[in-house]
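**Q** Sequence below, structure please.
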Amino acid sequence: MKKNVILLLTPALLLSGGVFLAPFVWLLFSSFKVRAPGSLMLQEGVSLANYRNLIADPFFARVMLDTIVLSAITTIACLVIALPVSRFIVSRARAKSLLLALTLVPLVSGALLPALGL
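**A** From the prediction side, this is the model:
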């Protein structure tokens, strides 16, 4: 029985993996390519020049540091807020369905508002 389920899921998993992983693979591949100034065409060959510029240029180094700091602060803030809220939702049986529905509102509103034209 399990073998049949795995065989049925294989095409969907391969398609999903390809659709989600292909852009990342292309991004990684193109990050090692160099383009001529003023052109969008990638030149032949492989180079670490993009990564060298990322580390050597103070502007990019500052942007990278700011991104890492902001990501860390956001992750910590989400954990500090989400863990007590999830504990509260689990402990309150009466309002559990309402609170779970409210936690899904931000996920749904991103697709719902443009669909409604707002």
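**Q** Any figure for the gap between Asn4 and Leu13?
**A** 15 Å (C-beta to C-beta, to the nearest Å). Every residue, glycine included, has its C-beta placed from N, CA and C.
**Q** does Ala12 sit in a helix or strand, and which one?
**A** For Ala12, the element it lies in under DSSP states H and E is helix 2-31.
**Q** Distance from the chain centre to that helix, please.
**A** 16 Å (C-alpha atoms, centre = their mean, to the nearest Å).
**Q** start the count at 20, not 1, going forward
**A** Okay, residue one is now 20; in that scheme the one you just asked about reads as helix 21-50.
**Q** Which is the succeeding secondary structure element to it?
**A** helix 68-75.
**Q** What average pLDDT does the helix or strand encompassing Phe107 get?
**A** For Phe107, the host element (DSSP H and E) is helix 77-110. Mean pLDDT, helix 77-110: 91.
**Q** That helix: which residues count as buried?
**A** Ile108 (16 or more other C-beta atoms under 10 Å).
**Q** tell me the angle that helix makes with helix 68-75.
**A** Taking axes from the mean of the first three to the mean of the last three C-alpha atoms, to 10 degrees, one finds that helix 77-110 is oriented at 80 degrees with respect to helix 68-75.
**Q** quick one: contacts of the helix or strand just after helix 77-110?
**A** Counting by DSSP H and E, the next helix or strand C-terminal to helix 77-110 is helix 115-135. Here helix 115-135 makes contact (C-beta atoms under 8 Å, 6 or more residues apart in numbering) with Val104, Phe107, Ile108, Val109, Arg111.
**Q** Brilliant, that's me finished.
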